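> quick one: sequence plus predicted model below, questions after.
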Amino acid sequence: MTQNEQPNLTAIIVDDEELARQGLAMRLQEFPQVSIVQSCKSGREAIAAIIEHEPDVVFLDIQMPGMSGFEMIREVQADIMPMIIFVTAYDAFAVDAFEAHAVDYLLKPVEKERLQEAVSEAQQKKTQRSAENEKQRLMGLVVKLTGKSPTAIDEMLDADDRAVEHADRLAIKDGSSITFVPIKDIDWVDAAGDYMCVHVAGVTHIMRTTMKDLESKLDPSIFQRVHRSTIVNLRRVEKVSSHINGEFHLTLSCGTSLKMSRSYKEKVKHFF
């Protein structure tokens, strides 16, 4: 595959320093396959931009006031998580960056050769992601053939496996210790591969389970799935905003903003 044939990348730059944002944007102009859709000066602004644009990649500074790059990643829904290329003046975070499954880790000032390597790696990963999306396209075909929404299909498949009684707390194992989390305190949950990220009062607990198993433990009158891999506590939703593309954005009492996909729009009735 030649460079011209490689997939184009939509990108967001996140850095609290204006000169750093401008400098990286100028460097990226040398790569026509990269299209910058927005530059952000904070993690919170970046989360809103990711929800709006769903970029392929984010060039992310780590040390930022208010919300660090790592904290920002924990707040992004798994379904819309872009590829991350960290851009920082410090190499002390390299191990943490790769544990966060970053595509690459660039030190400031960014060298053209290293930027080229990072962009090429992101392009390759985008191609891989496209192949992984084949299952999702097949589900779309099933939706068209049956006339039912993905939500309805999921509910039919899961109907026989749902628990009648719902737990009042989750037991989350971390090494040799177990943390008991009251279910009523959960703000929202999203999936990350074979793990579930349970967000409670600004703290993220990692739980090894499936979306299906966890959902069976939650009271559907309180918790609803609003995205393929996102469950929200209805009592935490303070604002529902509709968009012209048929999607909804949910603002929680903790300040987190989540996207509700079009296929789950019938769930809006649960918020009223």
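Structure's in. What do you need?

> going forward, measure contacts between C-alpha atoms and count neighbours the same way
Will do.

> which residues touch Met67?
Residues in contact with Met67 (CA atoms under 8 Å, 6 or more residues apart in numbering) are 42-44.

> oops, could you answer that again for Ile172 instead?
178-181, 205-207.

> follow-up on the earlier one: so which of the contacts of Met67 are in helices?
43-44 (DSSP state H).

> most neighbours, which of the contacts of Met67?
Gly43 (26 neighbours; other CA atoms under 10 Å).

> how close does that one get to Leu60?
As for Gly43, its distance to Leu60 is 9 Å (criterion: CA to CA, to the nearest Å).

> shared neighbours of the two, anything?
Joint contacts of Gly43 and Leu60 (CA under 8 Å, 6+ apart) are 14, 69.

> quick revisit: Val189: which of the contacts of Met67 is nearest?
Arg44 (18.5 Å; CA to CA).

> ok, now which ones touch the closest one?
By CA under 8 Å, 6+ apart, the contact set of Arg44 is 67, 72.

> just the pLDDT at it, thanks.
Residue-level confidence at Arg44 comes out at 93, pLDDT.

> what ranges do the helices span in the stretch 101-250 of the chain?
Per DSSP state H, counting those that start in this stretch, the stretch 101-250 of the chain carries helices over the ranges 112-132, 134-146, 150-158, 211-216.

> Val200 touches Lys184, doesn't it?
No - here Val200 does not reach Lys184: they are 9.5 Å apart, not a contact under CA atoms under 8 Å.

> which one's more surrounded, those two?
Comparing Val200 with Lys184 by other CA under 10 Å, the one with more neighbours is Val200, at 18 against 15.
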